[in-house]
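> Next come a sequence and a model predicted from it.
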Amino acid sequence: MIELRPGRERGYVDHGWLKSFHSFSFAGYHDPRHMGFGTLRVINEDRVTPGTGFATHAHRDMEILSYVLEGALAHRDSMGNGSTIVPGDVQRMSAGRGVTHSEYNHEQRAPTHFLQIWIEPDVRGIEPSYEQRHFAAAEKRGRLRLIASPDGAEGSVTIHQDARVYAGLLEGAERAALPLAAGRRAYVHLARGALSVNGTRLEVGDALKAAGVATLELQDGAAAEVLVFDLA
């Protein structure tokens, strides 16, 4: 099964300070056809205007990944962590039994463009934890770089779920392939540019759901930045 999810069909909200596309049902956007995909529950594409951000708020029992495309995002949480994430950084926060945090764009001129991703954990009520890693563009160029996994393989951030997340940059003749074990499924989200996946053309914001497929073949990229989720 290969199914295209056009980006134009995502939920959208404009709060003035925040413009956000929702790949799955979230907050005021409800679509029973798109409640998630396996354990992948949220992909929000957020644009935060300069000098604004998310005030302190709470989460629990969720694996939260932040992936910055442009600008910078300042993070502060109840665990005592304070950092700023920039393009190339991947931040993982395991909310566990409960955590509060804030996220701000402290720049005065440039918006922050980032993806916020929620993955349902396989264990609940754990001690909250935080991790941040940088993956240079060269590590993602012409390939899929593992950025999150259940065992922290290859220097990826560690998530509490049988899921693996890859990031790639593809242009022109560059190609990448991801074998999928029997019974697993994949979700491909195109953050920028254009790309073909198993013969299906994706434009920016589009996604592709795959099940019963032995290998994902990514090619014909045009300034493409892509995230691929390998899910149980």
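Good, I have the coordinates. Predicted model, so just to flag it, every value in this text is computed and none were measured. Residues are numbered from 1 along each chain as shown.
> contacts and neighbour counts: CA atoms only from here.
Noted.
> buried sites along the top strand by length along the chain?
Under DSSP state E, the strand in the chain containing the largest number of residues is strand 215-231. Within strand 215-231, the residues that count as buried by 16 or more other C-alpha atoms under 10 Å are 216, 218-222, 224-231.
> Going by contacts, tell me the helices and strands next to that strand.
strand 163-172, strand 176-179, strand 185-197 (3 or more C-alpha pairs under 8 Å, 6 or more residues apart in numbering; DSSP states H and E).
> Specify the angle between the longest one and strand 215-231 in degrees.
Put plainly, it is strand 185-197. Interaxial angle, strand 185-197 versus strand 215-231 (axes from the mean of the first three to the mean of the last three C-alpha atoms, to 10 degrees): 140 degrees.
> In the sheet, which strands lie alongside strand 185-197, parallel or antiparallel?
Counting by DSSP bridges, the strands paired with strand 185-197 are strand 200-203 (antiparallel), strand 207-211 (antiparallel), strand 215-231 (antiparallel).
> And the protein, what are its domain boundaries?
According to automatic domain parsing, the chain comprises the domains 11-134, 137-231.
> now for the ones you listed, which one comes closest to Ile2?
Among the domains of the chain, the nearest to Ile2 by C-alpha to C-alpha is domain 137-231 (4.7 Å).
> what's near enough to touch Arg143?
Residues in contact with Arg143 (C-alpha atoms under 8 Å, 6 or more residues apart in numbering) are Gly168, Leu169, Leu170, Glu174, Arg175, Ala176, Ala177.
> Farthest pair within these?
Of all pairs in the contacts of Arg143, the most separated under C-alpha to C-alpha is Leu169 and Ala177 at 12.6 Å.
> Which one's more surrounded, the two?
The residue with more neighbours, out of Leu169 and Ala177 and counting by other C-alpha atoms under 10 Å, is Leu169; that gives 25 against 14.
> for this structure, which spans come out with low pLDDT?
For the chain, not a single residue meets the criterion pLDDT under 70.
> how about the helices in this protein?
Assigned helices in the chain, in chain order: 137-140 (criterion: DSSP state H).
> Could you list everything the spatially most central residue of the chain pairs with in the sheet?
Nearest residue to the geometric centre of the chain (C-alpha atoms, centre = their mean): Ile117, 4.4 Å. For Ile117, the beta-bridge partners under DSSP bridges are Ile43, Leu65.
> contacting residues around it?
Leu40, Arg41, Val42, Ile43, Asn44, Ile64, Leu65, Ser66.
> again, only using 6 Å
Applying C-alpha atoms under 6 Å, 6 or more residues apart in numbering to Ile117 gives the contacts Val42, Ile43, Ile64, Leu65.
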